[in-house]
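Student: below are the sequence and a predicted model for it; my questions follow.
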Amino acid sequence: MNPPIPSASSAAGVVARFLKARGVDRIFALCGGHIMPVWMRADAEGIRIVDVRDERAAVHMAHAHAELTGTLGVALVTAGPGVTNAMTGIANAHVSRAPVLVLSGVVPRPQENRGGLQDMVHTDLVRSITRYARTVREPALVLQELDEAVSRAFGQGGEPGPAYVDFPTDTLRGEVPTRVQLDEHFRPKSPALLLPDPKAVDAAVELLWSARRPLVITGRGARGAGAQLRQLLEKVPAVYLDTGESRGLVPDEHASVVAAMRGTVMTEADVIVTVGRRLDFQLAFGSPAVFGSARFLRIADVASEVRDNRRGAVELFASPAAALSAMVDAAGDRPPSVDREWAAGLRKRHLERVVKLRETMAHAPDGSDGRMHPNRLLAALQAKLPRDAIVVADGGDFLSFARVGLSSSAYLDPGPFGCIGVGVPFGIAASLAFPGRLVLVATGDGSFGFNAIELDTAVRHRAAPVFVVANNGAWQIEVHDQTSTYGRVAGTKLQFADHAAMARAFGMHAERVERADDLPGAIDRAFARRPSLLDVVVTPEAVSADAKSGLAWVPDLQPLAAWDEAERAWRQGSS
């Protein structure tokens with residue numbers, strides 16, 4: 001018996017036509033029988049299928065595609081283990097608030113709850129890490145459910161993030177009545193513009209224009225407001241910090257950027273402006289133990305980015321671009337009260353630290369084992385990067401070095417979930433979305449291993465990233481914690497594996513580099529022969545800032561040891 005081939009008006013056909021109508025030109029997927037009808041209809045509609053080797057990577061790729069393009073990322077995974085494999089990617093997109101649609105299948109309706117192959121209630125598994133989770137059993141309801149899922153993914157009426165929809169396989173083969181295939185569900189929807197309350201705008205202007213030491217911190221929600229943000233910084237010469245969520249919105253050469261003075265400015269500012277940014281662990285939860293008596297101005301179109309952990313003295317619940325423009329317009333020619341000597345001093349010390357960092361990175365000494373310091377690798381890479389490069393940094397210990405050692409106009413990393421292993425799939429998706437730009441994936445060897453098999457995906461789909469593996473043969477941040485805290489190492493050592501040999505096995509240009517003097521030539525060849533991989537042996541003796549900070553041993557009250565001590569002192573009333 002041959003299975004029926006779904007038509008363009010089948011539920012599977014309608015799913016594919018819906019995706020195409022919404023501008024989806026590729027889906028990231030791993031095949032399986034439960035989703036075959038959608039798979040083949042997507043192919044028939046001319047939607048590119050980027051088939052991967054693990055479902056987690058499919059969702060990671062959809063996540064990166066969404067982040068970099070500002071469009072919907074779509075992953076298609078099969079039932080049972082397909083969904084459970086995908087859950088790490090879904091959870092990461094959930095914490096990062098990335099607009100991702102995950103589609104799957106379940107057993108045919110006559111087999112439900114009878115022990116059918118891969119019969120699971122997926123929605124129960126993913127509901128807590130998605131904005132929407134539904135099983136659609138009736139073909140006539142497919143369109144409206146997809147419409148709702150995509151709206152939820154983009155945060156229309158709530159927080160953006162992944163949405164999940166699955167279908168029994170017999171539903172996918174069923175016909176959708178022509179009369180219910182309404183154009184209103186196929187049509188792309190423009191994002192809503194939330195205008196700020198004029199009274200709140202006036203209060204925001206009063207607060208910010210009166211500040212002596214204002215600090216602006218941006219996050220995910222500021223991505224569409226780069227021009228308005230820079231306009232505000234021209235009007236009010238506040239100092240500025242980006243985060244991994246908003247790298248590149250304000251160029252490094254801008255006079256407000258003081259990234260190298262992050263710890264100092266967080267304690268000295270009297271007004272903190274958050275634009276589309278949560279006050280999460282990376283910002284000490286906004287605690288007075290770190291931020292002192294500073295008042296907060298919170299700007300976002302997502303509730304959790306307006307009022308998490310600390311309420312603002314003023315809160316603008318509005319589209320960040322509209323809110324920033326309204327503030328500039330309302331202020332008119334009013335002169336700001338910024339202490340320009342304070343701001344200029346921070347900028348001067350920032351630049352001095354940047355210059356010193358570049359110098360020390362380029363000349364970082366080898367370890368006693370004769371292996372190079374990871375900063376030598378990062379300095380060599382930075383020297384060769386074009387201005388429009390897309391950088392993906394991944395790892396635990398190595399990410400701490402790369403976060404400050406690499407600068408680019410577009411940047412992705414494991415994000416607030418700390419989801420190491422994203423580097424390879426993020427890099428592949430970035431290269432497919434922007435084939436004319438150099439994509440650099442700088443990753444530790446531990447994190448590389450999570451999705452190393454996706455090198456095969458890169459070669460098969462002609463994605464052209466440059467993968468650079470900092471190979472120190474260990475989960476080094478944990479090794480440092482175990483050594484310094486417990487006096488012994490247990491279960492955290494790896495081997496100095498030959499990752500270049502594996503890459504060559506997949507048909508990729510690859511080299512193993514063990515001497516810093518060999519880096520420039522190897523990097524040139526890797527950039528010219530993409531996709532490529534450099535397996536760079538570095539010393540495990542290098543201690544990162546994150547290893548020194550106590551991040552690995554997870555203090556009770558704050559993520560960093562110094563902040564934890566300050567929090568304890570503040571709660572006890574001694575600071």
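Tutor: Looks like it came in fine.
Student: where do the helices sit along the stretch 151-300 of the chain?
Tutor: Assigned by DSSP state H, counting those that start in this stretch, the stretch 151-300 of the chain shows helices spanning 169-173, 183-186, 198-209, 226-235, 262-268, 288-291.
Student: other SSEs contacting the last one?
Tutor: Right, the one you point to is helix 288-291. Contacting helix 288-291 under the criterion 3 or more Cβ pairs under 8 Å, 6 or more residues apart in numbering; DSSP states H and E are the following elements: helix 262-268, helix 561-571. All C-beta spots, glycine's among them, are computed from the backbone N, C-alpha and C.
Student: okay, buried residues for it please.
Tutor: Buried residues in helix 288-291, defined by neighbour count with 16 or more other Cβ atoms under 10 Å: 289-291.
Student: again, but for the second one
Tutor: Applying a neighbour-count criterion of 16+ other Cβ under 10 Å, one finds 185-186 buried in helix 183-186.
Student: now it - C-alpha only, PDB.
Tutor: This file holds the C-alpha atoms of helix 183-186, laid out as PDB (Å, rounded to 0.1, in the frame of the first residue of the first chain):
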ATOM      1  CA  ASP A 183      -6.800  35.200   2.800                       C
ATOM      2  CA  GLU A 184      -6.800  37.100   6.100                       C
ATOM      3  CA  HIS A 185      -4.800  34.200   7.700                       C
ATOM      4  CA  PHE A 186      -2.300  34.000   4.900                       C
END
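Student: and the lengthiest helix in the chain, what other elements does it pack with?
Tutor: Taking DSSP state H as the assignment, the helix of the chain that covers the most residues is helix 340-362. Using 3+ Cβ pairs under 8 Å, 6+ apart as the contact test, the elements touching helix 340-362 are strand 239-241, helix 262-268, helix 374-384, helix 397-405.
Student: let me have those in JSON lines, extended by mean pLDDT, distance to Gly116 and mean neighbour count.
Tutor: Shown next, in JSON lines, are the helices and strands packed on helix 340-362 (pLDDT from 0 to 100; distance: least, Cβ to Cβ, whole Å; neighbours: other Cβ atoms under 10 Å):
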{"stretch": "strand 239-241", "mean pLDDT": "97", "distance to Gly116": "53", "mean neighbour count": "25"}
{"stretch": "helix 262-268", "mean pLDDT": "95", "distance to Gly116": "54", "mean neighbour count": "16"}
{"stretch": "helix 374-384", "mean pLDDT": "96", "distance to Gly116": "50", "mean neighbour count": "22"}
{"stretch": "helix 397-405", "mean pLDDT": "92", "distance to Gly116": "42", "mean neighbour count": "25"}
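Student: could you dump the ones you listed to TSV with distance to Arg247?
Tutor: What follows is the helices and strands packed on helix 340-362, written out as TSV (distance: least, Cβ to Cβ, whole Å):
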stretch	distance to Arg247
strand 239-241	11
helix 262-268	13
helix 374-384	14
helix 397-405	9
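Student: and Val468, which of these is closest to it?
Tutor: helix 374-384 (6.5 Å; Cβ to Cβ).
Student: flag every buried residue along stretch 19-37.
Tutor: For stretch 19-37, using 16+ other Cβ under 10 Å, the buried residues are 19, 22, 24, 26-32, 34-37.
Student: quick one: terminal-to-terminal distance for that stretch?
Tutor: 14 Å (Cα to Cα, to the nearest Å).
Student: starting at the chain centroid, how far to the lowest-mean-pLDDT helix or strand in the chain?
Tutor: The helix or strand of the chain with the poorest confidence is helix 545-549; it has a mean of 83 (mean pLDDT, DSSP states H and E). Per Cα atoms, centre = their mean, to the nearest Å, the displacement of helix 545-549 from the mean C-alpha position of its chain is 22 Å.
Student: so what touches that helix?
Tutor: 396-397, 399-400, 404, 476-477, 480-481, 552, 560-562 (Cβ atoms under 8 Å, 6 or more residues apart in numbering).
Student: show me which of these is closest to Ala238.
Tutor: Closest to Ala238, out of all of these and judged by Cβ to Cβ, is Val404, at 21.8 Å.
Student: would you state the helices of the stretch 401-550 of the chain in chain order?
Tutor: 423-433, 445-450, 455-460, 476-481, 499-505, 519-528, 545-549.
Student: please work out which of those helices is packed deepest.
Tutor: helix 423-433 (a mean of 29; mean count of other Cβ atoms under 10 Å).
Student: quick one: low-confidence parts of the stretch 301-450 of the chain?
Tutor: Counting by pLDDT under 70, the stretch 301-450 of the chain contains no low-confidence range.
Student: re the thing from before, and the buried residues of helix 288-291 as a markdown table, adding distance to Met502 and pLDDT?
Tutor: Supplementary listing: the buried residues of helix 288-291 in a markdown table, determined by distance: Cβ to Cβ, whole Å; pLDDT from 0 to 100:
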| residue | distance to Met502 | pLDDT |
| --- | --- | --- |
| Ala289 | 46 | 96 |
| Val290 | 43 | 96 |
| Phe291 | 46 | 97 |
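Student: closest to Ile129 among those?
Tutor: Using Cβ to Cβ, the buried residues of helix 288-291 come closest to Ile129 at Val290, 29.0 Å.
Student: the inter-axis angle of the helix or strand where Ala91 lies versus helix 423-433?
Tutor: Using DSSP states H and E, Ala91 maps to helix 81-96. Relative orientation of helix 81-96 versus helix 423-433 (axes from the mean of the first three to the mean of the last three Cα atoms, to 10 degrees): 80 degrees.
Student: CSV please, covering the buried residues of helix 288-291 and showing distance to Asn113.
Tutor: What follows is the buried residues of helix 288-291, written out as CSV (distance: Cβ to Cβ, whole Å):
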residue, distance to Asn113
Ala289, 52
Val290, 52
Phe291, 53
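Student: picking that back up, from the buried residues of stretch 19-37, pick the one nearest Val391.
Tutor: Distances from Val391 to those, taken by Cβ to Cβ, are shortest for Phe28, at 20.7 Å.
Student: so the closest one touches Met61, yeah?
Tutor: Yes - counting by Cβ atoms under 8 Å, Met61 is a contact partner of Phe28 at 4.1 Å.
Student: pull up the overlap in contacts between the two.
Tutor: In contact with both Phe28 and Met61: 50, 52, 73, 75, 429, using Cβ under 8 Å, 6+ apart.
Student: out of those residues, what pair is the most spread apart?
Tutor: Val52 and Gly73 (13.1 Å).
Student: got the helices and strands packed on helix 288-291 as a markdown table, with distance to Ala464 columns?
Tutor: Below are the helices and strands packed on helix 288-291 laid out as a markdown table (distance: least, Cβ to Cβ, whole Å):
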| stretch | distance to Ala464 |
| --- | --- |
| helix 262-268 | 34 |
| helix 561-571 | 41 |
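Student: mind checking these for the one nearest to Gly370?
Tutor: helix 561-571 (31.5 Å).
Student: that closest one - what's its average pLDDT?
Tutor: Here helix 561-571 scores 93 as its mean pLDDT.
Student: may I see the buried residues of the longest helix of the chain?
Tutor: Going by 16+ other Cβ under 10 Å, helix 340-362 has these buried residues: 342-343, 346-347, 350-351, 354, 358, 361.
Student: between the residues you listed, which is closest to Ala463?
Tutor: For the buried residues of helix 340-362, the minimum distance to Ala463 (Cβ to Cβ) is 28.9 Å, reached by Met361.
Student: for that closest one, give its distance to Leu283.
Tutor: Note on Met361: its distance to Leu283, by Cβ to Cβ, to the nearest Å, is 26 Å.
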